[in-house]
Every structure is written in C-alpha cells, then in structure tokens.
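# Just a sequence and a predicted model for now, questions to come.
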Amino acid sequence: MAYEKAFETADRDPQGFWMDVAKTLDWDVAPSTAHDEATDGWFPDGRMNTCANAVDRHVAAGRGSQQALIYESPITGKSSTYTFDELLKRVSRTAGMLVQAGVKTGDRVVIYMPMVPEAVFGMLACARIGAIHSVVFGGFAAPELAKRIDDCKPAAVLSASCGLEPGRTIAYKPLLDKAIELSSHKPDVAIILQREELHADLVANRDIDWQAAYDAASPVDPVPVASTDPLYILYTSGTTGTPKGVVRDNGGHAAALSWSMKNIYGIEAGDVFWAASDIGWVVGHSYIVYGPLLAGATTILFEGKPIGTPDAGIFWNLIDKHRVKVLFTAPTAIRAIRRADPDGEFIAKASLASLTALFLAGERADPDTLLWIAEQLGKPVIDHWWQTELGWPAIATCFGLGETHIKPGSAGRAVPGYRFKVKDEAGTDAEPGKVGTLLIEQPLPPGNFRALWNNPEKFASGFVDFPGHYTTGDAGMIDEDGFIHIMGRTDDIINVAGHRLSTGQMEEVVANHPAVVECAVVGAADELKGEMAVAFVITRPGAEDLPAVKKDIVRTIREDIGPIASPRDVFFADALPKTRSGKVLRNLLRAILNGDEIVVPQTIEDPSVIEGLIDLAAPQPAEG
C-alpha cells in the first residue's frame, strides 16, 4: 500500500509532502514553505545549489571514493570511471574555466557536445556558478542551432571538434561556426574540446582550446541561487519558427528528481543506474546527469547505439560489466534489438543478475514489444510517460514503492504529486475507458516547467483550453483501475466518417501480428470518409508472404476495433522516419500520404528514409 499512501498524502497535503522531500536536500537557506500559489514557485524562499547537491554533499558524507560517472564509448573503444572525489575536482575546475572566460551567474551557456564526460562536467559546472545551461543535441544543423543561440543569447558556447556515429565522424566545429555566422547574437567565447579523431581550426579572438583553458583554471566553490532561479533551458524540437525553450528551476527540479530515483526506480545511493539516452534530450538531463547524482547513485554515459556498436548484445554486456541495477531506454531501442536478435541469443548469453527492472519511455511502448523483452529478460519491464515540459515521470508503475502490477498498453498510474483528468470535446469528464484529451490539474508538481524562455504567451497557451489544467497534447484514457493509457497525440485521433478513432489503439493490434516488428498508423485524407487509417509496417527478417500479412492485419483490426477502423492501405517499409530520440515522425508520414509539403525536421535521425517512403506511399498523379 506504499503507493496508495504516497499518492493520498501528496494529493491531500502537497505542502507537507514536498517539504519532507526538500529536507533530503542540502539548502543554504532552508525554505519555509513548499509552494507559493501567487507565483506558482516551489520552495520560493529557499536558496541552494544543484551541483553541490549532486556532487559536493556526497563527498562531504564520506562517499568520495564511490563511482559517480562511468563513461563507455564502444564507438571509440574507450571507457573511464570517475569517483565523486574526481567528479568534484573536474566540475569545480571546469566551473573555474567558465568564470575565467567571463561567464557570470545568470548568464546562459550553450552546450553543443557529443556524449563525452566533459559535456557532463560542463552542465554541472554551469549549475555550480549559477549560469543557465542550454544543451543542444550534438550535430544539430546550423540554422536550428542559430535559432537557439538567438533565443537564449549565451555568453559562451561549450563544444567539441566532432561527434562520432557508427562508421562516420561528424565535424561539429563547421556547424557551430555557421550557426554563429547566421545568428544575430554573437557569443563572447567558444571553448572547444579537441577530440583525437578530428581536430578543429579555432577562430581567433573567440575560440579557446578546452584543455588549455582547463589547465589554466582554478577550482571554484558552488554559488547559492534561489530555488526558483533557472537551472537550464531545453529547447523542444520544432520544424519552423522559434523553438520552445522549456525552463527548469533549481529547487523543485532537485526535489522531484531526488524523490523519483528512490520511489519510481528503486535506486539508492551506491546503486548503478543507466539511462541509455542522450544529454540533448530531457531524459539525459534528468536521468543521465541530475537524477542519479542527486541520489548518490552511479550513472553511465554511453556513446554508442543499441545495435551495431558492435552488436545487439552491447546493452546486456555493459549491464553485467557494471552491475547495472536499472536500465532505462526507449522502446525503439528494444525494437531494434529485437529485429537484430529476434530469438534473444545475446540476452541469453548475459547473466543480468544485477538487473532488477527495465524502464521504457520516450514513445508509446506497444504491448508486443513490452511482452517480448519481458519474456526474454525475465524481469519487470515498466513503461512510463512524461514530457520535456514535465521533466520527470508523471505516469508510472512506482517500482520503488513496491508496485509491480503492469498493464501492457498502459503507462501505469499517476505518480504521486500529479492529478490527471480526461475530458471529452465538450469539456466534461470522460467516463472510465473513454478516450479524450489528457490533462493535469494545476498546480503542477515540482520539477515541471514554470516558464518558456522569452515566450510567456506560448507558456500560457498550454493552460487556456481547459482552465486550471495543463493540456498535455496527448489523447488518453483512464480505466476503472486508474491505469492511464496514452493513445497518441491528440492529432493522432482520426475522424473516420464521424467516428473518433485512436491510431495508437490500431498500432497495438498491428504490432501483435507475429510477422510485425514495428509499425505506425496515421490518418490519411479521404474524400468519402474524411480520414482513413493507413499502416506502415516493418516485418521481421524472413517474413515472406506479405499479402497474407496485410490481409491478417486488416482482418484483425476489423475484428478487434470494428469495420469502421479498417485501414485503407498497409505499406511494408524498410524503416520509419524517426527523431534521434526514437519518436516516429507521424506528421511526416501524413504529409507523404496526403501529398502535402514535406518539411524535414532537423531532429530526424536518417533523412534518407524519406525518399523510400515517398516512392512507396505518396499519392500518384492521375494519368492524362
């Protein structure tokens, strides 16, 4: 009953609940209250430093010799480990490097780096001096990087000469140079980490060699800041216009992440936690860097891929090597592993004795994928849901609170501190089991965004449609047991001849076919019915009778959902267009089907996929 007790306490007495959580942190000035309704700020009169809580306090507690950060780069064949003592030395000196370069408390610093330890040192160093970091995914195109530079106006940029992908080296410095050329704002300084795989030319009077600057710097102490002061800005993916900069505060963020490590993931100080993500995404911010270190756990920084670096066994090998207790990755990584190792031969070779659970997030985990990996691992596999705006899980099976009841297809129940509603088009509460717009009641718990950088109008728009609630943008359903089912974005609810249908529900049906390894269902414009479903399917290696598979898929959708949901077509593709974080670009699929202008987002992982899909599925011009 630990989950029920925690949920009831957070719901009934959020002030008391979160003040108890705040007491687990070190404060320079302890807060007298948890939440201020007038400003919507958490721990508003408290002062603290996030870096000190993530690093210094563990050294002060006598655990300086414990592993803090493990770096594994199967792409380069390098690995290294940093204790909390070593992490403190690296971070405090990197902070001194920033101070020497003229960065002050409140300044912004853009971090445009690959998955290397210096990127983590840079994030924590910014937090240490009260500067606001904005991490941009390494290798992002110059025009998109320029937009972010113009929006947050950084005093400095931390970057590297290159990033590495399987079989190729990506030169970062030309992209950075072009971005600064395009941007109206010009950073005062760019500090460049030279990697041995590729050296970069430095621009006079602006660029500084990282190693030389680091060697010349002196360590600095943490600077106390207000709990409500910004810790970082993280820009959400956008295809056009000004990107949306989510602002995360210091105190609420530290409290929420610290609580989540123990109560959601079951992670204590000294445990090894691995979020196989990237620091360019919110998962990397929360659960590669801040969450594990705030909890005093060991975190893994991974420069590689789930397959191909060198094979589909890399995850399981590293779990055994480092005795990982919990792995957190995206469903798309598991689908890639399944496609490369359908019988789980690599999994069978590993011990995995240390692993207690696998958590999935970043996109919807279809039941077929979840059940496959759960059977292969023989461990709990837990889907959970959140967003960049929220910063930490909002729907989960709280493993650390003893929860093990999992419903495939559901992301779990509301995490303590969150209150969910589903409303229909008329704005009334939807009955259990009915799909509608998924909302979160205000006030949002600590750790959630309190602003968008330079964009108060856009921030306010998220609370306009349903006053008193944050509109998640997702369609969802809450069943009679309180389990919440994410059915896709609200624009993934299609209207077929007046019937509102969830493409996420259709994807569940398609993914259950034994020949299917991955799929996406989207709505295509239809003259007669308004919209009709179209399925894009990737089959397992060796699947031969595709017409029979198509027939089975259509029949099963008709039987399980209804004839009205029968897809107009089923296309067999070699790959789906995805962002680097693994989300399928369904808007792109819709544009291809409808013959609309195709806007390729800079977040796409492999643009070459688009050409094949156009040949496969684009509408053909009429003859004559």
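Looks like it arrived, so ask away.
# So which residues of the stretch 51-200 of the chain form strands?
67-73, 78-83, 108-112, 132-135, 156-160, 162-165, 168-171, 189-193 (DSSP state E, counting those that start in this stretch).
# Make JSON lines from these and add mean neighbour count, distance to residue 209 and mean pLDDT to it.
Backbone N, C-alpha and C define where each C-beta goes, glycine included. Below are the strands of the stretch 51-200 of the chain laid out as JSON lines (neighbours: other CB atoms under 10 Å; distance: least, CB to CB, whole Å; pLDDT from 0 to 100):
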{"stretch": "strand 67-73", "mean neighbour count": "22", "distance to residue 209": "21", "mean pLDDT": "98"}
{"stretch": "strand 78-83", "mean neighbour count": "16", "distance to residue 209": "20", "mean pLDDT": "98"}
{"stretch": "strand 108-112", "mean neighbour count": "26", "distance to residue 209": "16", "mean pLDDT": "98"}
{"stretch": "strand 132-135", "mean neighbour count": "25", "distance to residue 209": "20", "mean pLDDT": "98"}
{"stretch": "strand 156-160", "mean neighbour count": "27", "distance to residue 209": "11", "mean pLDDT": "98"}
{"stretch": "strand 162-165", "mean neighbour count": "22", "distance to residue 209": "15", "mean pLDDT": "94"}
{"stretch": "strand 168-171", "mean neighbour count": "12", "distance to residue 209": "17", "mean pLDDT": "94"}
{"stretch": "strand 189-193", "mean neighbour count": "23", "distance to residue 209": "6", "mean pLDDT": "98"}
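# Domain ranges for this structure, per the record?
2-304+384-476, 501-617 (automatic domain parsing).
# Mind putting those domains into JSON lines with distance to residue 482?
Shown next, in JSON lines, are these (distance: least, CB to CB, whole Å):
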{"stretch": "domain 2-304+384-476", "distance to residue 482": "5"}
{"stretch": "domain 501-617", "distance to residue 482": "19"}
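# wait, which of these is closest to residue 356?
domain 2-304+384-476 (6.5 Å; CB to CB).
# re earlier: so can I have a markdown table of the strands of the stretch 51-200 of the chain showing distance to residue 381?
Converted to a markdown table, the strands of the stretch 51-200 of the chain look like this (distance: least, CB to CB, whole Å):
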| stretch | distance to residue 381 |
| --- | --- |
| strand 67-73 | 22 |
| strand 78-83 | 27 |
| strand 108-112 | 32 |
| strand 132-135 | 29 |
| strand 156-160 | 35 |
| strand 162-165 | 28 |
| strand 168-171 | 32 |
| strand 189-193 | 37 |
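# Just to check, residue 172 is in contact with residue 139?
Yes. Contact criterion CB atoms under 8 Å: residue 172 and residue 139 qualify, at 6.7 Å.
# hang on, the earlier thing: which one of the strands of the stretch 51-200 of the chain lies closest to residue 539?
Of all the strands of the stretch 51-200 of the chain, the one in closest proximity to residue 539, counting by CB to CB, is strand 162-165 (26.0 Å).
# middle-most residue in this structure, spatially?
In the chain, the residue lying closest to the centroid (CA atoms, centre = their mean) is residue 283, at 3.6 Å.
# Show the contacting residues for the residue nearest to residue 11 when sequence neighbours are not counted.
With sequence-adjacent residues excluded and distances taken as CB to CB, 6 or more residues apart in numbering, residue 11 is closest to residue 419, at 6.6 Å. With contact set as CB atoms under 8 Å, 6 or more residues apart in numbering, residue 419 has these partners: 11, 440, 441.
# rewinding a little: out of the domains of the chain, indicate the one that is most buried.
domain 2-304+384-476 (a mean of 20; mean count of other CB atoms under 10 Å).
# Do me a favour and get the end-to-end distance for that one?
26 Å (CA to CA, to the nearest Å).
# From the chain's centroid, how far away is it?
Its chain's C-alpha centre lies 10 Å from the corresponding centre of domain 2-304+384-476 when counted by CA atoms, centre = their mean, to the nearest Å.
# about what we covered before: which of the strands of the stretch 51-200 of the chain sits closest to residue 515?
Closest to residue 515 of those, according to CB to CB: strand 162-165, at 30.1 Å.
# now for that closest one, which elements pack on it?
Judged by 3 or more CB pairs under 8 Å, 6 or more residues apart in numbering; DSSP states H and E, strand 162-165 is in contact with strand 168-171, helix 172-182.
# Compile the ones you listed into CSV and extend it with columns for distance to residue 109.
Below are these laid out as CSV (distance: least, CB to CB, whole Å):
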stretch, distance to residue 109
strand 168-171, 22
helix 172-182, 14
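# re earlier: list just the one of the domains of the chain that sits closest to residue 332.
domain 501-617 (3.5 Å).
# First-to-last residue distance for that closest one?
22 Å.
# What of stretch 90-108?
With CA to CA as the measure, stretch 90-108 spans 20 Å from end to end.
# re earlier: got any residues that touch both of residue 172 and residue 139?
Residues touching both residue 172 and residue 139 by CB under 8 Å, 6+ apart: 114, 163.
# what about residue 271, distance to residue 455?
Distance of residue 271 to residue 455, given as CB to CB, to the nearest Å: 38 Å.
# no wait, residue 392
Applying CB to CB to residue 392 and residue 455 gives a distance of 22 Å.
# which residues make contact with stretch 514-532 from outside it?
By CB under 8 Å, 6+ apart, stretch 514-532 touches 332, 335, 338-339, 342, 366, 368, 492, 494-498, 503-504, 506-507, 510-511, 533-540, 543, 549, 553, 567-568, 576, 584, 586, 589-590, 593-594.
# just the helices in the stretch 451-600 of the chain please.
456-461, 503-511, 546-560, 586-594 (DSSP state H, counting those that start in this stretch).
# what's the answer for the stretch 1-150 of the chain, then?
Using DSSP H, counting those that start in this stretch, helices in the stretch 1-150 of the chain cover 2-12, 14-22, 50-51, 57-60, 84-100, 117-129, 142-152.
# Now render those as CSV, adding mean pLDDT and distance to residue 372.
Shown next, in CSV, are those (pLDDT from 0 to 100; distance: least, CB to CB, whole Å):
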stretch, mean pLDDT, distance to residue 372
helix 2-12, 97, 27
helix 14-22, 98, 36
helix 50-51, 98, 38
helix 57-60, 98, 38
helix 84-100, 98, 37
helix 117-129, 98, 33
helix 142-152, 91, 35
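# So, low pLDDT: which residues of the stretch 301-450 of the chain?
When residues are selected by pLDDT under 70, none of them lie in the stretch 301-450 of the chain.
# That one: strands as residue ranges?
With strands called from DSSP E, counting those that start in this stretch, the stretch 301-450 of the chain shows them at 326-329, 357-360, 381-383, 395-396, 413-414, 420-423, 436-441.
# could those strands be laid out in TSV, adding distance to residue 193?
Shown next, in TSV, are the strands of the stretch 301-450 of the chain (distance: least, CB to CB, whole Å):
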stretch	distance to residue 193
strand 326-329	26
strand 357-360	31
strand 381-383	36
strand 395-396	36
strand 413-414	42
strand 420-423	43
strand 436-441	39
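# Of those, which is nearest residue 161?
Here strand 326-329 is closest among these (CB to CB), at 28.2 Å.
# That closest one: how far from the chain's middle?
So, by CA atoms, centre = their mean, the centroid of strand 326-329 is 12 Å from its chain's centroid.
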